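Enquirer: Got a predicted model here, sequence first, then my questions.
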Amino acid sequence: MQANISTKLLQGFLALNDCRHFGHAAERCHVSQSAFSVMIQKLEAAAGAKLFERDTRNVTLTPEGELFVEVARQLMSDIEAAFSDMSDYVARRKGRVSIAALPSLAAGWLPPVLAQYRAQHPGVTVELFDAISDHCLNYLRQGKADIALTAPGPNLMEFDTQPLCEDPFYLVCRRDHKLAKKRVIQISQLAGCELIHLARSTSVRQHLDALLQPVGVINTGLEVEHLATVAGLIESGLGVSLVPELTLFQFRHPNLVAIPLNAPDLVRPLLIVKAKERSLSIAAQGLLELIQEKSRSGFAP
């Protein structure tokens, strides 16, 4: 048999146990004495046993009532704890949020955003995955990430997306390179430059190949995964590279310069991505709103 016991009935039972008087217990529960008597009858019917002995002078617990006292106290404690816990989640005093982001965002623009979020909500655990675009989307599919900050690709139809920003490209070279003193670089000026590439799996490379094919750049054969490696190769005079603005923090070195590329068609769009069929938790929604707020403030490196 499924018992239909409300917290109101449990509170009435505990009040009567404390007061041992129907009138006083009814006052504590803010109901009339007749309504209170009906509450106790409903509880006893649901329990399938008489819980109180009562006469004109005394109210005492039956043996079954004695057993039910601790059960009722534990149930009320559990219910109060559950609602208190839920209040903490609603107020973002507790919770967990996971975000997947491209390394260029995860290492540069995003950390101050996460630091502000954690300062505002110190009880919320924030988990970060730094990964290339395909892996970011896999984290979403697997439910490991609530939000992804990534570049467009062929597998986005299953997700909800919104723009984060557009990331223009820069030429990074040594200070003694022939183009180092230019204020702006035209695509045609890259002819004859020895180019260091990021790996084909990266969102950066996918934006560059089609545009550079007719320019006549020299392929150095150097194709690497990490921006720090690109910086080291450029510093050693092994070539130049084209990188998005949001990666420039990796190239802050006295021997290197970064020059904007005049190529309106060459920008890397970045997106906020989340699962279509899964609502965000309150903690995750809070982080999303902060990301949106900060993105409107700009992305200066």
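Expert: Great, that's in hand. Numbers count the residues shown, from 1 in each chain.
Enquirer: What is the helix or strand of the chain with the lowest mean pLDDT packed up against?
Expert: Ranked by mean pLDDT, DSSP states H and E, the weakest helix or strand in the chain is helix 203-212, scoring a mean of 73. Where contact means 3 or more C-beta pairs under 8 Å, 6 or more residues apart in numbering; DSSP states H and E, helix 203-212 is packed against strand 194-198, strand 241-244, strand 267-275. C-beta here means a position set from N, CA and C on the backbone, and glycine is covered the same way.
Enquirer: Can you report how many residues lie near V184?
Expert: Counted with other C-beta atoms under 10 Å, residues neighbouring V184 total 11.
Enquirer: give the contact list for the nearest residue to it once chain neighbours are set aside.
Expert: Nearest residue to V184, sequence neighbours excluded (C-beta to C-beta, 6 or more residues apart in numbering): N262, at 4.9 Å. Taking C-beta atoms under 8 Å, 6 or more residues apart in numbering as the criterion, N262 is in contact with 184-187.
Enquirer: L288 - nearest residue in space that isn't next to it in sequence?
Expert: I147 (5.7 Å).
Enquirer: now the helix or strand hosting L164, how far from the chain's geometric center?
Expert: Assigned by DSSP states H and E, L164 belongs to strand 159-174. Centroid separation between strand 159-174 and its chain, computed with C-alpha atoms, centre = their mean, to the nearest Å, is 21 Å.
Enquirer: Isn't E235 up against P254?
Expert: No: distance between E235 and P254: 9.6 Å, which falls outside the contact criterion (C-beta atoms under 8 Å).
Enquirer: more neighbours, these two?
Expert: Counted by other C-beta under 10 Å, E235 and P254 do not tie: E235 has more neighbours, with 15 against 7.
Enquirer: Just the pLDDT at that one, thanks.
Expert: pLDDT recorded at E235 is 96.
Enquirer: so what's it up against?
Expert: Taking C-beta under 8 Å, 6+ apart as the test, what E235 contacts is 174, 253, 255-256.
Enquirer: And the helix or strand containing T220, what does it pack against?
Expert: Per DSSP H and E: T220 is located in strand 218-224. Packing contacts for strand 218-224, counted by 3+ C-beta pairs under 8 Å, 6+ apart, involve strand 194-198, helix 227-235.
Enquirer: again, 6 Å this time
Expert: For strand 218-224, the elements it packs on are strand 194-198, judged by 3 or more C-beta pairs under 6 Å, 6 or more residues apart in numbering; DSSP states H and E.
Enquirer: who's in contact with the strand it packs on?
Expert: 204-205, 217-218, 220, 222-223, 230, 233, 239, 241 (C-beta atoms under 6 Å, 6 or more residues apart in numbering).
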